Structures are given as structure tokens and as C-alpha cells.
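> predicted model and sequence below, questions to follow.
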Amino acid sequence: MSSRTKNKYSKTISFKDHKFGLYDLDTFVKDWGSEPRRGVAENRCRIVKKKDEKVLEITIPKGTTSKGGSFWRLNLPKGLTDVTFEYDIMFGNNFNFVRGGKLPGLAGGTAPGGGSKDKNGFSARLMWRAAVSYDELCHLVKDPKFMDKKDVHKPYLVQYTYFPDKQTRKWGEDFVYSIKNKKIFLIHNKWYNIMMRIKLAKDPSKKDSLLAWVNGERVLYKRLNLRKNKQYEVGQVMFSLFFGGQDETWATKKKEKVYFRKFLINGS
């Protein structure tokens, strides 16, 4: 269900009234407004009962990275510069996080990803990471307060971001989610409420704001330039769910399942 007034936009996607079984294309288009790029046609998306609720279950096949999950976009109306995106997510039983994977977020302009050097847009998806060594952990987090040897192999959340001024090499830049300098670690069979907000500055000389909360606690506040000019806004929800990573060391070790309970988008 969505609504649009002159200066505001609101949309809720819930599965409580959906039929059990495969998430069929017609129902999907009614929910998201466009056809999916990956996941629905491959029969990876189902409406199931989980903890007495109807939820969206997405299966990620064994031995897969980017092409093994689901990907689609929800295009937002033009003119939105302050957008909040919220969803509930749960990782399935005995979920093996391997090295990391992508999760849904917001984007604007050309919505770069996949190693793109395009500077005419931004994307701010979530990602879970799990370093396989202490050296890799130090390379990923960069900040000494997050460099704890006990955290090797533990999956934690970051904001995985492409933007014109990013400092990393080819791939997106990580902003670690944390509360009191402690990373947000993930476990299976637990619901996590994720909320992120992007507020674009109207003044070209000022930086934009990127904020995030997990289960109601703020875990990120960054000021950065998400756009080189003011010609684009927050334009889409970028639904990404897959393992990876640029090589097969990121691939799923077995078939995995991820659950979503609801999606809320509000903008102005």
C-alpha cells in the first residue's frame, strides 16, 4: 500500500494478506511496482509461516554468489531528498554467513555497484561481513577500536556505500554499525529491525546525512557527499540479497534461507 501527497510519500509492503506458496509475479508487481531482475522467476521467493506470521522467505542456493540470490528495485517518485527505509529480517536456521553478503538499502542517480566507478549516483546498501583472519578484519574495519581478534569469523553489519568521494579502491566503502564502539553481530533465528535514513542537503556546500538504527538503537551517523551535484535525489530502494564478494570464496556452503516480515518507506 502506498500514498503520495504533494510533498510526502509513504509505502508499506506486508505479507500478512498474501497467499501461502510461491511469490507470484502478479503479486510481486503489485507490491513493488516493477518486475524483478532475479529471484521470483527462479522460484526462490515464497510466502511462508514463520513464528506464527506470514513472511517472505528467500532461498539462496548452495555454491552461489551474486547470481544466486534475489535482486530488484522499487522506484521512488521524483523529488525525494529525505527518505527512511525500514525492514525486518531474520537469517534462517544454522545460517552460514561465510565471508559476507549484500542486503537491501537506498540509492540515487545511477545507483552504482559491482565495482562501478560511476560518480553520477550513490548506493547505500547493508552488508554483513565475516573476516576469515585478523589481518582481513584490520583491513576491513580500518578503525583500531573495531580490531578485536575475538571478532574473526563473527558476522557483523556495515553500511556498504558507493558515493562520489569514496576512498576505497574498486569496491564500495564500509561504515561499521556500532553501539558504544561495539560492532553489531548477527545470529540466526532472530528478527532484526533495520532502519536507515538518507537526508540530502539542499545547500551544495553542505554534506548529506546517512543514519541507521538496529532494533531501535542508532548504529550509524555519517556526514558525506552522496552527490557531486544536486541533479538527483533518493530514487530507489535497491533490494539486494546474495553472498559476495568477488570470487568463489564467498559462495554459500549450503542452501540458505532469509526471511523478511515487512518493508516501510517514507519520504519527502
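The structure has been received and is ready for your questions. Numbers count the residues shown, from 1 in each chain.
> skipping adjacent residues, who's closest to the residue nearest the centre of the chain in space?
Centroid check for the chain by C-alpha atoms, centre = their mean gives residue 104 as the closest residue, at 2.4 Å. Counting by C-beta to C-beta, 6 or more residues apart in numbering, residue 104 lies nearest to residue 239, which is 4.6 Å off, once chain neighbours are set aside. Backbone N, C-alpha and C define where each C-beta goes, glycine included.
> does the one you found touch residue 69 like I think?
No. Contact criterion C-beta atoms under 8 Å: residue 239 and residue 69 do not qualify, at 9.8 Å.
> and what about the residue nearest to residue 174 when sequence neighbours are not counted, helix, strand or coil?
Sequence neighbours aside, residue 158 is the residue nearest to residue 174 in space, at 4.2 Å (criterion: C-beta to C-beta, 6+ apart). Under DSSP: H, G, I helix; E, B strand; the rest coil, the three-state class of residue 158 is strand.
> show me where the stretch 51-200 of the chain dips below the pLDDT cut-off.
Low-confidence segments of the stretch 51-200 of the chain, defined by pLDDT under 70: 168-169.
> give me the mean pLDDT for the strand or helix carrying the residue nearest to residue 104.
Element membership for residue 239, per DSSP states H and E: strand 234-243. Average pLDDT, strand 234-243: 98.
> list the pairing partners of that strand within its sheet, with orientation.
In the sheet, strand 234-243 lines up against strand 70-75 (antiparallel), strand 100-109 (antiparallel) (DSSP bridges).
> okay, buried residues for the shortest one please.
Meaning strand 70-75. In terms of neighbour count (16 or more other C-beta atoms under 10 Å), strand 70-75 has its buried residues at 70-74.
> my guess is the residue nearest to residue 174 meets residue 131, correct?
No. With contact defined as C-beta under 8 Å, residue 158 does not reach residue 131; the gap is 11.5 Å.
> comparing the two, which residue is more hemmed in?
Taking neighbours as other C-beta atoms under 10 Å, residue 158 and residue 131 compare with residue 158 leading, 26 against 21.
> now for residue 46: which residues touch it?
Counting by C-beta atoms under 8 Å, 6 or more residues apart in numbering, residue 46 touches 20-23, 56-57, 59.
> need the max-distance pair from those.
Greatest spatial distance among those (C-beta to C-beta): 20 and 59, at 15.3 Å.
> those two - which one has more neighbours?
residue 59 (19 against 10).
> and the more buried one, what element?
Following DSSP H and E, one finds residue 59 within strand 53-60.
> compute the inter-axis angle for that strand and strand 234-243.
In terms of direction (axes from the mean of the first three to the mean of the last three C-alpha atoms, to 10 degrees), strand 53-60 departs from strand 234-243 by 70 degrees.
> now strand 53-60: buried residues?
Here strand 53-60 shows 54-60 as buried, counting by 16+ other C-beta under 10 Å.
> could you single out the nearest of those residues to residue 186?
Closest to residue 186, out of all of the buried residues of strand 53-60 and judged by C-beta to C-beta, is residue 60, at 15.1 Å.
> now the closest one: closest residue in space that isn't a chain neighbour?
Distances taken as C-beta to C-beta, 6+ apart place residue 256 nearest to residue 60, at 4.5 Å, with adjacent residues excluded.
> quick one: contacts for that neighbour?
59-60, 91-92, 95-96.
> make JSON lines out of these and add distance to residue 174.
Converted to JSON lines, the contacts of residue 256 look like this (distance: C-beta to C-beta, whole Å):
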{"residue": "59", "distance to residue 174": "27"}
{"residue": "60", "distance to residue 174": "22"}
{"residue": "91", "distance to residue 174": "19"}
{"residue": "92", "distance to residue 174": "24"}
{"residue": "95", "distance to residue 174": "21"}
{"residue": "96", "distance to residue 174": "21"}
